[in-house]
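1. Provided below are the primary sequence and the corresponding predicted coordinates.
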Amino acid sequence: MSELRFDQLFKYDELTELVHMFAESYPQLVTVETIGKSYEGRDVWVAAVTNSATGPAEEKPALWFDGNIHATELVSTTACLSFINRLVTQYGNNENITRLMDRRTFYVCPRLNPDGAEAALADNPKFVRSSVRPYPFDEDPIEGLVSRDIDGDGRILSMRIADNNGNWKKHFDEPRLMIRREPGEEGGDYYSLLSEGDMYHLKGDIYRHALQKEGLDLNRNFPNWVPEGKQAGAGDAPLSEPETRAMTDFIVSHKNISIAIYGHTYAGVLLRPSATVADGELPTDDLRLYNKALSQDEVSRIQNATR
């Protein structure tokens, strides 16, 4: 394989070609399968990465790594692909990676939600939370702001609207830059900042986003499901969506998976269980692992080993 670049985003056809290229170039280390179809019929690809010469993938302790369950969190796909590339290109050259590949399996799903990602990467991009299936209603917005790439530059940025009650004003030296209005400040030109898009049936000077036709959040459709009235975007029932069903069926049927990493891009933080119970209720060994503090020497050793 020629040197790959991971400073870009990949559309579905490019992603498909790339994961199969890994399998063709490293047949002893990578196999690729589809674990199901998305709402619009796209394959959800999973790569099993391990040294098959030391045993079948399903007979080794395994890690699951997925990305892009939310439509616009596209960098997580690139991270998954870069992870696969690191494993296969460093096998035989990096002692730690070689040992892991001989003894462990990595199941990597670069894009769990291919439909939403295609909408985000379209020439005229559309922002949806997750799946493109109409939910909870199959109607176009009646009123409010609908995010859209108005100027055709391939990005949905922000726009400002003159608003006497707005919280923003132009910078004194650079009028394209917005700064906060001071508390109690009066007598200037003020603005509201909104997502780039179209306003429908504006009522006075009240700006609000329209209810989204594609209101599903696949990340809220798993077996710890809470109904729509309590958690927006949860779907009709646990695992009602083909993407979450495919992922869950795969993990349940692969008993060797003992740890999982879910790639998001929104908050810039690492989240570990549990969001619903206190630490004192977690298994002791798990809590000890989560709370293990690495010394600077250990951090440096790991960084040097993975370069």
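-> In hand now; what should we look at? Numbering: from 1, shown residues only.

2. So which residue is dead centre in the chain?
-> residue 68 (3.0 Å; C-alpha atoms, centre = their mean).

3. OK, contacts around it?
-> 74, 76-77, 110-114, 116-117, 263 (C-beta atoms under 8 Å, 6 or more residues apart in numbering). C-beta here means a position set from N, CA and C on the backbone, and glycine is covered the same way.

4. what do you get for residue 61?
-> So residue 61 contacts 103-105, 256, 258 (C-beta under 8 Å, 6+ apart).

5. As CSV, those residues with distance to residue 88, secondary structure and neighbour count would be great.
-> What follows is the contacts of residue 61, written out as CSV (distance: C-beta to C-beta, whole Å; DSSP: H, G, I helix; E, B strand; the rest coil; neighbours: other C-beta atoms under 10 Å):
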residue, distance to residue 88, secondary structure, neighbour count
103, 16, helix, 13
104, 14, coil, 18
105, 13, strand, 24
256, 20, coil, 15
258, 22, strand, 10
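
6. Columns secondary structure and neighbour count on top of the contacts of residue 68, output as TSV?
-> Compiled in TSV, the contacts of residue 68 are given as follows (DSSP: H, G, I helix; E, B strand; the rest coil; neighbours: other C-beta atoms under 10 Å):
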residue	secondary structure	neighbour count
74	coil	21
76	helix	23
77	helix	25
110	coil	29
111	coil	30
112	coil	30
113	coil	31
114	helix	27
116	helix	32
117	helix	31
263	strand	23
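
7. ok, of those residues, which one's closest to residue 12?
-> residue 114 (5.1 Å; C-beta to C-beta).

8. how near is that closest one to residue 77?
-> 9 Å (C-beta to C-beta, to the nearest Å).

9. residues near the residue nearest to residue 72 when sequence neighbours are not counted, how many?
-> Using C-beta to C-beta, 6 or more residues apart in numbering and skipping residues adjacent in sequence, the residue nearest residue 72 is residue 120, 4.7 Å away. Close neighbours of residue 120, defined as other C-beta atoms under 10 Å, add up to 21.

10. Can you give the contact residues for stretch 203-218?
-> 69-70, 112-113, 128-147, 161, 163-165, 192, 194-195, 199-200, 232-235, 241, 243-244.

11. shared neighbours, residue 114 and residue 77?
-> Between them, residue 114 and residue 77 share the contacting residues 15, 68, judged by C-beta under 8 Å, 6+ apart.

12. For the stretch 201-307 of the chain, just list every one of the helices.
-> 242-253, 284-291, 296-305 (DSSP state H, counting those that start in this stretch).

13. Let me fix that, I meant to ask about the stretch 1-150 of the chain.
-> Under DSSP H, counting those that start in this stretch, the stretch 1-150 of the chain gives helices at 12-25, 75-90, 95-103, 114-121.

14. Can you add mean pLDDT and give these back as JSON lines?
-> Putting the helices of the stretch 1-150 of the chain into JSON lines (pLDDT from 0 to 100) gives the following:
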{"stretch": "helix 12-25", "mean pLDDT": "97"}
{"stretch": "helix 75-90", "mean pLDDT": "97"}
{"stretch": "helix 95-103", "mean pLDDT": "97"}
{"stretch": "helix 114-121", "mean pLDDT": "96"}
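
15. Quick one: closest of those helices to residue 283.
-> helix 95-103 (23.3 Å).

16. Give me the residues contacting that closest one.
-> Residues contacting helix 95-103 (C-beta under 8 Å, 6+ apart): 29, 49-51, 54, 60-61, 86-87, 90-92, 305-306.

17. Return a ChimeraX selection command for the buried portion of the contacts of stretch 203-218.
-> This is the ChimeraX syntax for the buried subset of the contacts of stretch 203-218, where burial follows 16 or more other C-beta atoms under 10 Å:
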select :69,70,112,113,128,129,130,131,132,133,135,144,145,146,147,163,192,194,233,234,235,241,243,244
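
18. Just the ones of the contacts of stretch 203-218 in strands?
-> Counted as lying in strands by DSSP state E, out of the contacts of stretch 203-218, are 144-147, 161, 192, 194-195, 199-200.
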